[in-house]
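Participant: Any chance you can model this:
(4 chains)
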There are 2 protein chains.
Amino acid sequence: MEFTVPDLAEVDLDRVLKSLADPQRRRVVLELLEDTSGAERACSSFDLPVSKSTRTHHWRVLREAGLIHQRGAGNGTYVRLRLDEFDARFPGLLRTIARL
Amino acid sequence: MEFTVPDLAEVDLDRVLKSLADPQRRRVVLELLEDTSGAERACSSFDLPVSKSTRTHHWRVLREAGLIHQRGAGNGTYVRLRLDEFDARFPGLLRTIARL
DNA sequence: CTAGGGGTACGATAGTTGTCGTACCTCAAG
DNA sequence: CTTGAGGTACGACAACTATCGTACCCCTAG
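Facilitator: Residues are numbered from 1 along each chain as shown, chains lettered A, B, ... in the order given. As a prediction, the model looks like this:
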């Protein structure tokens, strides 16, 4: 199962800032950012204190903001930052926020 | 008439990002930022395509996010970026967003 | 003094968002 | 084959938000 991600050119800053204006989502993004390996990570490996459906919701918001890519591997789902693409579209934004 | 502004230490990133995740408000902030003079500007000098009450609302959101200071001068209202304070609390954020 | 521009406060409203529960799917392990 | 972990889709709901209109306030220009 595959998740469609938006073309970064079609993502607007509004959507991005809204997606990052949530503690849960920001935490996840920054956690991915700290993982300098850039490797995939299991969605289930994040400790989110919300229900399953809420988790799904947050992943979708991040996906639609162009921040992440998701891959469904039958059993679980794996997530990866679209770091290079995103940084090309919104240079420095992630690093700046990470530094705060 | 005076407007109370929050202590920057008590402003959280959530509130800031939410306040900037709106085109009208972001435009106003960036316009103030481009004005390198740092001088006050009349609130009425911004061309906001919304009603008076909506304008008031947006100014309040920015104020509560610690981004601006407002001074009521009887007749009109004047606004000023809290640039130094804000940048001390959230270093680089405004400039980064301005660059996008 | 009166008009009018600039502004706030309050109440209403439609749309968005974060959250959940339930139902259902898929695969791996027993 | 059955169970369970991980996950989606859908519908519900409360909270928040952007917007407006109305009523009202303050001052300056006539």
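Participant: which residues touch A:P91?
Facilitator: Counting by C-beta atoms under 8 Å, 6 or more residues apart in numbering or on different chains, A:P91 touches B:99-100. Using the backbone N, CA and C atoms, a C-beta is placed for each residue, glycine as well.
Participant: and it, what element?
Facilitator: In the assignment (DSSP states H and E), A:P91 maps to no helix and no strand.
Participant: what separates it from DNA strand C, distance-wise?
Facilitator: Computed as C-beta to the nearest atom of the strand, to the nearest Å, the A:P91 to DNA strand C distance reads 24 Å.
Participant: What about that residue? Give its phi and psi, please.
Facilitator: As for A:P91, its main-chain torsions (degrees, to the nearest 10) stand at phi -60, psi 130.
Participant: pLDDT score for the residue positioned nearest the centre of chain A?
Facilitator: By C-alpha atoms, centre = their mean, chain A has its centre lying nearest to A:I68, at 3.6 Å. Note on A:I68: pLDDT of 98.
Participant: what helix or strand does the residue nearest to it when sequence neighbours are not counted sit in?
Facilitator: Excluding the flanking residues, the one nearest A:I68 by C-beta to C-beta, 6 or more residues apart in numbering or on different chains is A:L62, at 4.8 Å. Assigned by DSSP H and E, A:L62 belongs to helix A:52-64.
Participant: List the buried residues in that helix.
Facilitator: Residues of helix A:52-64 classed as buried by neighbour count (16 or more other C-beta atoms under 10 Å in any protein chain shown): A:55, A:58-59, A:61-64.
Participant: Other residues contacting that helix?
Facilitator: So helix A:52-64 is contacted by A:3, A:5-6, A:11, A:15, A:18-19, A:22, A:24-25, A:28-29, A:43, A:48, A:50, A:68-70, A:77, A:79 (C-beta under 8 Å, 6+ apart).
Participant: Could you give me the PyMOL syntax to select whichever of those residues are buried?
Facilitator: Those of those that count as buried under 16+ other C-beta under 10 Å are selected in PyMOL with:
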select buried, chain A and resi 5+11+15+18+19+22+24+25+28+29+43+48+68+69+70+77+79
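Participant: From the contacts of helix A:52-64, which land in strands?
Facilitator: A:68-70, A:77, A:79 (DSSP state E).
Participant: follow-up on the earlier one: columns pLDDT and distance to B:L100 on top of the buried residues of helix A:52-64, output as TSV?
Facilitator: Shown next, in TSV, are the buried residues of helix A:52-64 (pLDDT from 0 to 100; distance: C-beta to C-beta, whole Å):
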residue	pLDDT	distance to B:L100
A:R55	98	29
A:H58	98	23
A:W59	98	24
A:V61	98	19
A:L62	98	18
A:R63	98	20
A:E64	98	18
